[in-house]
Every structure is written in C-alpha cells, then in structure tokens.
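> Test case, fold it:
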Amino acid sequence: MEPGPRCAWRALQGREAALLVALSTFLTLSILTAAVRVAPARAASARDASEIEQKLNAGQIRALASAQARYREGIAALATGNTADATDRLEAAAALDPDYPDPHFTLARALAFRDPERAAGELGEAFRILARSYAWQRHLLANALTAFIVIWSISLLVAVVGIGLRHLPHLVHVLHELTGRTRSWLGGLAATAMALSPLLWGLGPVPTATVYCGLLSFRFGRREAFVVGLFLATWILLAAGGLKATAPWAGAPSLEEPSLLVDRVLRSGADAELKSALAALEARDPTEPLYPFAAGTLARREGDFDRAERQLLQATALRPHAAWVLVNLGNVYFAKEDFEHARAAYLKAAQEDPRAPEPHYNLAQTYTKQLMFTEANREQSVASTIAFERVRDMSRISAPQLNRTMMEGMPPVEAFWSLARRTAPERGIQAARDNPWIGFVERLMPPSPFAVAFLPVLFLLFAVLGQVLGRSLATIPCSNCQRVVCRRCVHRMQQRAFCDECYGAVKDLRSMEFTRLLLTGRDRRASRRRTLWETATTFLLPGSGQMLRGATLSGFLAILILVTAAVLVLGNGALVPSVDVLPVDSAGWAQRIPLTILFALTYVLTVARYYAKTTTQVPSLTPAVTRSTGRASERRVEGGRG
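Numbers count the residues shown, from 1 in each chain. Predicted structure coming up:
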C-alpha cells in the first residue's frame, strides 16, 4: 500500500515542475516581448534627444521638419493603439518645434479620457501658440477673411435668388397682361420666356441677380428690401476696391512674403535659397531693420561674428531704441569676448525695455565672465522675476555653446505685422487670385473697371422699369388659391379677390356652405402644389423654402449657416493652407467627419424649421361682410408682398 502514495506524490511533483517550467517560459517570453517593444521607443527617445541637442546648439527655436516627422510617427502609433509610444512621439514633436500646435491638439484628443487635466493643458498650450506665433496669426487672418468674403457674398446671392423666385410669377403675369392677354398656354409661355430672358444675356451671376432685383423691386417688402440692399452694398463694395484691399491678406501665406520669410529665418534657420532671398529684400529696401537684424542673427549663429556685427549695427542705426536688436548685438560682443561693449549693449536694452528678461539674463552671464558675482546674482534674480520658467529652462539647457548660453532677442509680433502692412501693396490682387475661393468670388462679378458704376446703374435702370410695370398693373394673390391676379382679371366677392377659376366655381352658387366647401377644396389643392414646390426647393437648399414663404430673415439665416457648414466641409476646416505644410498627406476625410456631421445637423435643423412653419390650414369663407372681415381680407392680400 505504500507505493500508491509515493506515486501520487511523485506525480504531483511532476505537475508542479511542469507548471514552474511553463510559468518561467511565459515570463521569459513576456520580458523578451517587452524588450522588443521598449527597444524602438528607447531608440526613438535617443534620436529625439540628439535632434533637440542639435537644434539648441544651432540656436534655432523651431525644427519644423523633424517635428513633422515625429508627428507623423505619433499619428501612426495612435492608429495602432500604442498610446504610450504615440505620446512620446508627440511630446518630442512639441519639444522640437514649440510653435507647432498640431502635436498639442492631438495630445489633447488622445488624453481626453485618460488624463483630462493634461488634455486641457495641451489644448490651452495649442491656443497659446496660435495667439503668439506670427505665422499662425497670419494663417488665421487669411482663413477668416476668405471665409467671411465667400460665405457672406454667396449667402446673399442665394438669398436674392430665393426672393426673385418668390416674386417672379408676378412679373410673368404683368408681362402676360401687357403683351396681349390670351387664355392659350402659348401666351403664358411667351411671357415666361420674356421674364427669363436676362439669364441669356451673359452678364454673369451677380449682374443678372441685380437685373431681377430691379425688375421685381415693386413687390419687395421691407425685410426683402433690406436683404437686397445688403446684397447690392456688399458686391458694390467688393467691386469698388474691397476685394483688392483684402487680397494681400486673404491670399495663401507663402515665404515670398517678406514678413513670413524673416520669421522663418529667425525661428527655423535658413538655407542658401532663403539667405539669397533675404539679401535681395535687404538690397531692395535698406530702410527696414528686420532684414539686417535677421541676417546678423543668422550670421552670429553660424559663427561669422564680423558680419553679424556689421548687420546688427546697421539694424541698430535704423531702430536705435529696439531692445531686441541691442540684445543680439550684445551677444555678438559677448562671443568676441568684448565684455565691456556687451555689457553696455545689455544695459541699454534693459533701459529700453525693463520687462524683457533677455538683457538681465545675459548681463548675469557677462558679469560672471568679469567675476562680478554680486551683480550677476542681482541680474539673475531680476530675470527670474520677469520670466521664471524661461530662465529655469535656459539654465537647464546651458552648455559651452554660445547659442545655449545667451538668450536671444526676438522681434515682437507687431514688428512683423508692421512689415506686412508696408509690403501688402506689393503682393496686390495676385495674392488673392492664387486663392481659389477668392478667385471664384471674383468671377461672379463683372470686370473691376466697370463694376463700380455698372452694378448701380444696372439696378437703377431696371428698378425704374420694374416700378413702371408694377404701377401700371398692380398684382395681388388670389384670396383663395394664392394665384397671381391683377385689376384686369380679378373678380371680387365678399370683399375678396378671386382668380378666374375660383370665381367661376362659386359665382352661380347660392348656398354659402357649398361655396365654402368648393373654395376650401380648391385652396387645399393649390396649397399642396405650392407645398410640393417649396418642399423640393427646401431639400435642394434649406432656407430657400422659407424665402419662398416670405420668412426672409429666418430664411437668410438658415442659408448663411448652411453655406458656412458646406464651405467648411469642402475646405476641410481650413480654406487657405498654412505656410508650414501640414504633416498628414492624405485626402483628410477623417478630419472631414466632424465637419460633415455639422453640415448634416445644420441641414436637418433648417429643413425642420421649414416644416415647423408650414401649415395646410385654410381660412374659411365668412357668411357675412363685416368690418373685421374686411380687415382680415386686406391683411391676407397684403401678406403676399412679404
């Protein structure tokens, strides 16, 4: 009986040994797998650190190409679900280029549910970059101007088309009556062809709409006249020079703009092409201090101290009270170990701008070289008080290299905007023609030399013609079916205006109840036909159905919102590209998804707004004529004018 327990014990030991072997194998594989995963991350971290070191040694603020490369890698890591690696890559992109907002936006999205507090911080930093960077301010201005011009002008054009479609039947009826009234369909077809003939004149969309605004002016209510006035004022203003004045700012930003070129040279360094472009700008405009300042700063970074001194002395002569010029001039003297001149430059810079940290920090370095430690500690304390985080970061990255020892002065954003305003006329209208959205708006109106006088004269001429037609034969809608009638074809019954068909249906009837029944049936059939046309127009372009029903302002607001959503979807959120090429080279449909949802939501809301205001309820015919009945009738007739 003893061998049994011994065998069981041995079997149990064998199972434990197998379990231990399996566990050790699993742990070994896990460690190896983790090592395989960590190795690329460590290699990437070492590479990122090396690139950051190279950027700091070169004295560059931005390493855009490297930042975009890390950003692409971060996007790819997010797509595979590796959030930790993606976070490291995006952080490296932000460190390589502090003026690149895309990594911060992506980090905010990736960490929204994992670390909401940090996500909010990243989002705030992205918006701070947009606020302090001249290149991004210029980018936002171009997009804002382009969006405003396109959305506002196109929305007004569509609204005026809707107003014209509403009142076009009145013009057709007047032409039909004045050219010889006939009951055949050929007469109505001929009158319709006459009313639509301006479409074949080849004037263009805006002049053609102006023609109809004049012809139909006898039918406009106050709100419709207000929208038409906005339409005419907007397009006349654009033709009178508004488009030309905004062209330099609405055009796509490029390095051909002097202000953007100087900003790129100062923040990202320069190659031979950018250096030659900067030299050409300096030769063409020797009175602009930003050109020699940028050239001198670049020369100091590259170690050409003699050329840097000449260029920065020239910039100082042009802007003797600019602290940022004096700081960089002092950095040149510091590099040449001329500490007396360096200290004088820094002291003057601190006097010109007491709130700038660069003069005080650099003075501390200069006093240290001169073994004046008390003064050095004092200036270091002043610099830390002004900009503690920047001084702390500068102390961490300090090294024997000059570019990492001294703080560099940078021009304020106002200096770049001042240069942009001075050079705006040089860019001219061509800058906007390179923008396809502005080019589209420009093609809608007549050529510039004639547009200023052409549009007002065209409107006044056809407005006079429209008023003559309207006063010679006033039109009103039928009180029952809303068909257009005039004094020649109107029939009156119980102080109501009826068309031939409605009047013919009830003129010989004696029973009031039967008369009401017939008229109500005709009105409902006519209402269904009108509703079908208005519904089709509403689904084609939400807001236009409201214009056809006379809801002018709410219809225009719906059109404005819908055009805004459509333009954002087509432009993928940015109508004008940035001077810094975005890193994701794709159609961008993933980015269009939120914009498409916005468009769909706007579309549904505007269609729902139309149906909320649509009714098929028909007013009944009153059995007796009273004062209140007459007033109600007048209100219904006048309501046709909107």
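> where exactly do the helices run in the stretch 251-400 of the chain?
Counting by DSSP state H, counting those that start in this stretch, the stretch 251-400 of the chain has helices at residues 258-268, 272-284, 290-302, 305-318, 323-335, 339-352, 357-369, 373-386, 388-397.
> does the closest residue in space to A574 that isn't next to it in sequence belong to a helix or a strand, and which?
Leaving aside its chain neighbours, A574 sits nearest to N143 (5.7 Å; criterion: Cβ to Cβ, 6 or more residues apart in numbering). (Glycine included, C-beta is placed from N, CA and C.) Here N143, judged by DSSP states H and E, is contained in helix 134-178.
> Equivalent analysis for L243, please.
helix 243-250.
> That helix vs helix 134-178, what angle?
Counting by axes from the mean of the first three to the mean of the last three Cα atoms, to 10 degrees, helix 243-250 points 150 degrees away from the direction of helix 134-178.
> elements contacting helix 243-250?
Where contact means 3 or more Cβ pairs under 8 Å, 6 or more residues apart in numbering; DSSP states H and E, helix 243-250 is packed against helix 134-178, helix 413-427, helix 430-433, helix 436-444.
> right, so the ones you listed: which one is the most enclosed?
helix 134-178 (a mean of 21; mean count of other Cβ atoms under 10 Å).
> next structured bit after that helix?
helix 185-196.
> pLDDT score for S133?
pLDDT for S133: 83.
> Now do the phi/psi pair for the residue lying closest to it once chain neighbours are set aside.
Once flanking residues are discounted, S133 sits nearest to D99: 4.7 Å by Cβ to Cβ, 6+ apart. Torsion angles at D99 (phi, psi; degrees, to the nearest 10) stand at phi -100, psi 20.
> before we move on, back to that, a markdown table for the helices and strands packed on helix 243-250, including distance to R72?
Output for the helices and strands packed on helix 243-250, formatted as a markdown table (distance: least, Cβ to Cβ, whole Å):
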| stretch | distance to R72 |
| --- | --- |
| helix 134-178 | 20 |
| helix 413-427 | 29 |
| helix 430-433 | 30 |
| helix 436-444 | 27 |
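> Which one of these lies nearest to L215?
helix 134-178 (6.0 Å; Cβ to Cβ).
> just the angle between that closest one and helix 436-444, please?
Using the same axes, to 10 degrees: helix 134-178 against helix 436-444 is 30 degrees.
> So what's the gap between helix 134-178 and the chain middle?
Distance of helix 134-178 from its chain centroid, counting by Cα atoms, centre = their mean, to the nearest Å, is 18 Å.
> do the same with stretch 74-94
The answer for stretch 74-94 is 27 Å, by Cα atoms, centre = their mean.
> Quickly note the distance from the residue nearest to S133 to Y291.
Per Cβ to Cβ, to the nearest Å, D99 is found 21 Å from Y291.
> Surely V485 is in a strand?
Yes - assigned with DSSP: H, G, I helix; E, B strand; the rest coil, V485 falls within a strand.
> Report the beta-bridge partners for it.
Per DSSP bridges, the residues bridged to V485 are I476.
> Pretty sure it sits against T475.
Yes - V485 is within contact range of T475, at 6.9 Å (criterion: Cβ atoms under 8 Å).
> if we can go back for a sec, by how many degrees do the helix holding N143 and helix 185-196 diverge?
On the basis of the same axes, to 10 degrees, helix 134-178 is oriented at 150 degrees to helix 185-196.
> what angle separates helix 134-178 from helix 413-427?
50 degrees.
> the domain parsing of the protein - what is it?
Here the domain parsing of the chain from automatic domain parsing is 16-132, 143-249+440-641, 258-426.
> which one of those lies closest to D434?
domain 143-249+440-641 (9.6 Å).
> what about A497, is that helix, strand or coil?
Applying three-state DSSP: A497 is strand.
> thought it was touching V484?
No - using Cβ under 8 Å, A497 makes no contact with V484, being 10.6 Å away.
> that older thread, now render the domains of the chain as CSV, adding distance to D434.
Shown next, in CSV, are the domains of the chain (distance: least, Cβ to Cβ, whole Å):
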stretch, distance to D434
domain 16-132, 22
domain 143-249+440-641, 10
domain 258-426, 14
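> Endpoint to endpoint, stretch 204-224 covers what distance?
22 Å (Cα to Cα, to the nearest Å).
> Give the buried residues for it.
Using 16 or more other Cβ atoms under 10 Å as the test for burial, stretch 204-224 gives 206-221, 223-224.
> quick one: the helices in the stretch 451-600 of the chain?
Using DSSP H, counting those that start in this stretch, helices in the stretch 451-600 of the chain cover 500-506, 512-540, 544-548, 552-570, 589-613.
> which one of those has the lowest average pLDDT?
helix 512-540 (a mean of 58).
> Look at P411 and give its secondary structure.
Classified using three-state DSSP, P411 is coil.
> which residues touch it?
Listed by Cβ atoms under 8 Å, 6 or more residues apart in numbering, the contact partners of P411 are 266, 290, 293, 322, 324.
> repeat that with 7 Å
290, 293, 324 (Cβ atoms under 7 Å, 6 or more residues apart in numbering).
> Same question for L203.
V211.
> ok, and for the helix holding L243, which residues are buried?
Neighbour counts using 16+ other Cβ under 10 Å place 243-244, 246-250 of helix 243-250 among the buried residues.
> Which of the residues you listed sits closest to L278?
Looking across the buried residues of helix 243-250 and measuring by Cβ to Cβ, the closest to L278 is P248, at 20.3 Å.
> still on that earlier bit, most tightly surrounded among the helices of the stretch 251-400 of the chain?
Note that of these, helix 323-335 is the most buried (mean count of other Cβ under 10 Å), with a mean of 26.
> how many degrees apart are that one and helix 357-369 in direction?
Using the same axes, to 10 degrees: helix 323-335 against helix 357-369 is 20 degrees.
> Helix 323-335 relative to helix 339-352, how many degrees between them?
Using the same axes, to 10 degrees: helix 323-335 against helix 339-352 is 160 degrees.
> where in the stretch 351-500 of the chain is pLDDT low?
Across the stretch 351-500 of the chain, residues meeting the criterion (pLDDT under 70) sit at 395-404, 428-433, 448-450, 479-482, 493-496, 500.
> OK, contacts around the residue nearest to A574?
N143 makes contacts with 574-576, as judged by Cβ under 7 Å, 6+ apart.
> Which one (most neighbours) among those?
Neighbour counts for those (other Cβ atoms under 10 Å) peak at V576, which has 25 neighbours.
> Now it: phi and psi?
Dihedral angles (degrees, to the nearest 10) for V576: phi -110, psi 130.
> Would you check how far apart the residue nearest to H360 when sequence neighbours are not counted and L473 are?
Setting aside the residues directly before and after it, H360 is nearest to A383 in space (Cβ to Cβ, 6+ apart), at 3.9 Å. Separation of A383 from L473 (Cβ to Cβ) stands at 84 Å.
> And A77, what's its pLDDT?
Value listed for A77 in the pLDDT field: 87.
> isn't there a helix covering it?
Yes - per three-state DSSP, A77 lies within a helix segment.
> ok, and the closest non-adjacent residue to it?
Nearest to A77 is A86, by Cβ to Cβ, 6+ apart, at 3.7 Å.
> try R310
R310's closest residue in space is G296 (Cβ to Cβ, 6+ apart), at 7.5 Å.
> Do I have it right that that neighbour meets T316?
No - G296 is beyond contact range of T316, at 9.5 Å (criterion: Cβ atoms under 7 Å).
> pLDDT weak spots in the stretch 51-200 of the chain?
In the stretch 51-200 of the chain, residues with pLDDT under 70: 53-62, 181-185.
> list the contacts for L469?
L469 sits next to 174, 218 when contact means Cβ under 7 Å, 6+ apart.
> what's the distance between it and G214?
Look at L469 and G214: by Cβ to Cβ, they are 11 Å apart.
> Check what pLDDT the residue lying closest to T287 once chain neighbours are set aside gets.
Spatial nearest neighbour of T287, excluding adjacent residues (Cβ to Cβ, 6+ apart): L318 at 6.6 Å. On pLDDT, L318 comes in at 94.
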